[in-house]
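Student: output the structure for:
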Amino acid sequence: MKQFLLAFVLIATPVTAFAGFQMYFSPPPPSAASLGNLSNLKAIVTDVQSIAKTGRLDAAQRRITDFERAWDDAESTLRPKNPVAWGNVDDAADAAIYALRTTAPDAARVEETLSALVAVLDNPSGTTGSVDGLRMVSGIPVTDAGGHAIACEEMLNALRAAIEGGKIVQTDLATARDFQSKAIERCNADDDMHADEFSAQGIALAGN
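Tutor: As a prediction, the model looks like this:
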């Protein structure tokens, strides 16, 4: 049923949805504060990446537990410094841990989420993560102010409008359509959060 509804919405929504989405979800500027030196945590994630690239995802899954434990242990110290930046890292960590611990981990998804986690550890107050209650990916909000995932159909409509409305340059179209396909797959699986993450990365290409 969800697949039928999604197909109907994608066909029926006009291209103007993209402009409306941009106006309604205009993100606030990110905080500039820092969590301090996170090099020890980044070193663990880099090690997980190295293991995952060899195809040993079971070993990478075990290794990321070390990161999870260290991150949880540091929460009482790091979170008070900057709750927004802490949330950025925590969201990225959750995505990477989920990618590794899912029943059938996808190597590409694992690498994508680990790379995103490294990037957020380098810049916790950057454009991927939570800002003033919103969780953002590539500068695009994927939740409302209460932290609830935006309906994946709505995000997909905005991405479709960006693609069909000529908002994305030709050289980025293949990448945008790949994000669109992945977002549709996750949306059909009722996984709005991960669907929104893919859609956001595609929508962000409209700003290039």
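
Student: where does pLDDT dip in this structure?
Tutor: Where the chain drops to pLDDT under 70, the residues are 1-33, 126-134, 145-146, 207-208.

Student: mind naming the longest helix for the chain?
Tutor: helix 57-78 (DSSP state H).

Student: how is this protein divided into domains?
Tutor: Domains of the chain are assigned by automatic domain parsing as 2-28+133-207, 39-130.

Student: against residue 53, how distant is residue 196?
Tutor: Distance from residue 196 to residue 53, counting by C-beta to C-beta, to the nearest Å: 27 Å. C-beta here means a position set from N, CA and C on the backbone, and glycine is covered the same way.

Student: so which of these two has more stuff around it?
Tutor: Neighbour comparison, residue 196 and residue 53: the larger count goes to residue 196, with 28 against 13 (by other C-beta atoms under 10 Å).

Student: wait, what's in contact with that one?
Tutor: 137, 142, 143, 149, 150, 152, 155, 183 (C-beta atoms under 8 Å, 6 or more residues apart in numbering).

Student: gap between it and residue 189?
Tutor: 13 Å.

Student: now the end-to-end length of stretch 162-177.
Tutor: 11 Å (C-alpha to C-alpha, to the nearest Å).

Student: buried residues, it. List them.
Tutor: 162, 163, 167, 168, 172, 176 (16 or more other C-beta atoms under 10 Å).

Student: check stretch 68-81 too.
Tutor: In stretch 68-81, the ones that count as buried by 16+ other C-beta under 10 Å are 68, 71, 74, 78.

Student: cool, stretch 91-106 as well?
Tutor: Buried residues in stretch 91-106 (16+ other C-beta under 10 Å): 91, 92, 93, 95, 96, 97, 98, 99, 100, 105.

Student: and the longest helix of the chain, what does it pack onto?
Tutor: Applying 3 or more C-beta pairs under 8 Å, 6 or more residues apart in numbering; DSSP states H and E, we find helix 57-78 packed against helix 39-53, helix 83-101, helix 107-122.

Student: need the winner for burial among these.
Tutor: helix 83-101 (a mean of 21; mean count of other C-beta atoms under 10 Å).

Student: how far off helix 57-78 does that one point, in degrees?
Tutor: Per axes from the mean of the first three to the mean of the last three C-alpha atoms, to 10 degrees, the angle that helix 83-101 makes with helix 57-78 is 160 degrees.

Student: can I get helix 83-101 in CSV, CA atoms only?
Tutor: What follows is helix 83-101, C-alpha atoms only, in CSV (Å, rounded to 0.1, in the frame of the first residue of the first chain):
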residue,chain,number,x,y,z
PRO,A,83,24.4,20.1,23.1
VAL,A,84,23.8,20.8,19.4
ALA,A,85,27.3,19.7,18.3
TRP,A,86,27.1,16.7,20.5
GLY,A,87,23.8,15.8,18.8
ASN,A,88,25.4,16.2,15.4
VAL,A,89,28.0,13.5,16.2
ASP,A,90,25.5,11.3,18.0
ASP,A,91,23.1,11.3,15.0
ALA,A,92,26.0,10.5,12.6
ALA,A,93,27.2,7.8,15.0
ASP,A,94,23.7,6.2,15.2
ALA,A,95,23.6,6.1,11.4
ALA,A,96,27.0,4.3,11.2
ILE,A,97,26.2,1.9,13.9
TYR,A,98,22.8,1.1,12.4
ALA,A,99,24.4,0.5,9.0
LEU,A,100,26.8,-2.0,10.5
ARG,A,101,24.3,-3.8,12.7
